[in-house]
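Novice: for reference, the sequence and a predicted model appear below.
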Amino acid sequence: MLHEDFMGNKGELRAGDLQWMTAGRGIMHAEMPSSTKPACGLQLWINLPNKLKMIKPHYQEITRESVPHVFNADKTVEAIVFAGEVFGSKGPIETEAPVTYVHFSLKPGATLEYVISSSHNVFVYGVSGTGKCAGVDVRMSEAVVMEKEGDGVQLVAAKDDTLDVVVMTGEPLNEPVSQYGPFVMSSREEIAQTLWTSTCVPMTLRPPTDGDRNWRLAHAATRS
């Protein structure tokens, strides 16, 4: 997948790569397929603490070569660690709030007991294969949202099938949330101000240039 933004950043995400974008006070970006071949990817949105919502936007470009691939003792479970720590290996992503993001691959019949912070919210997303999470069926393209009680996730792959899941956990912010379109703030008043700013002052980092205007026109034409 090709991506670029109005600040001049450009790149291509390959299979196994990850882009961690912190939108902060605002960024205009676009993504386009780089191939006609079918592709599968995840796009996850994480709320920033109120005190960090207006920070400068930035990227972390994580290549597949820099992501740890680690195994449990009997090699029946592989963990691809993007954020957080598993089997003694820490992921490369630096997060603004406590978050873990791990892709687990279980061989047929394998079991995993993944310990997490008891204060975190957790969901498990089925990537492929079949199995169970805490006794609940895990299906491809479906998420299992865990109860707040407890301090871990139990995964079991079916005896005759592998199981691939993404497990994501995060510390609740315990702050008001107000969302409209792509904007997430802490109140309706902040949303109204953000909408006004995005319409009347679209470039919050520097004055707009002809390059910015042409970038917007080019991508608008591509989408149409």
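Specialist: In hand now; what should we look at? Keep in mind it's a predicted model, so treat the numbers as computed, not measured.
Novice: C-alpha only now, for contacts and for neighbours.
Specialist: Noted.
Novice: and the helices in the chain?
Specialist: Under the criterion DSSP state H, the chain contains helices at 188-200, 210-223.
Novice: least reliable of the ones you listed by average pLDDT, please.
Specialist: The minimum mean pLDDT among these belongs to helix 210-223 (a mean of 52).
Novice: how about the contacts made by the spatially most central residue of the chain?
Specialist: Geometric centre of the chain, nearest residue: residue 44, 3.6 Å, by Cα atoms, centre = their mean. Contact analysis of residue 44 by Cα atoms under 8 Å, 6 or more residues apart in numbering lists nothing.
Novice: count of neighbours near residue 155?
Specialist: Using other Cα atoms under 10 Å, residue 155 has 24 other residues around it.
Novice: next: the one 3 residues further on.
Specialist: Residue 158 is flanked by 19 other residues according to other Cα under 10 Å.
Novice: again, but for residue 107
Specialist: By other Cα under 10 Å, the residues close to residue 107 number 20.
Novice: start at 17, not 1
Specialist: Renumbered: residue one is now 17, and that last one reads residue 123.
Novice: so it sits right up against residue 181, yeah?
Specialist: No. In this structure residue 123 lies outside contact range of residue 181 using Cα atoms under 8 Å: 11.9 Å.
Novice: what's next to stretch 75-84, contact-wise?
Specialist: Contact with stretch 75-84 is made by 31-38, 95-98, 105-109, as judged by Cα under 8 Å, 6+ apart.
Novice: that one: which residues count as buried?
Specialist: Using 16 or more other Cα atoms under 10 Å as the test for burial, stretch 75-84 gives 77, 78, 80, 83, 84.
Novice: residue 52: which of these is nearest?
Specialist: Set against residue 52, the nearest of the buried residues of stretch 75-84 by Cα to Cα is residue 80 (21.4 Å).
Novice: where in this protein is pLDDT low?
Specialist: Where the chain drops to pLDDT under 70, the residues are 216-240.
Novice: and with 80 instead?
Specialist: 22-25, 164-166, 213-240 (pLDDT under 80).
Novice: quick one: which of the buried residues of stretch 75-84 is nearest residue 51?
Specialist: Checking these one by one against residue 51 (Cα to Cα), the nearest turns out to be residue 80, at 18.5 Å.
Novice: how far away is the closest one from residue 97?
Specialist: Here the criterion is Cα to Cα, to the nearest Å. By it, residue 80 lies 11 Å from residue 97.
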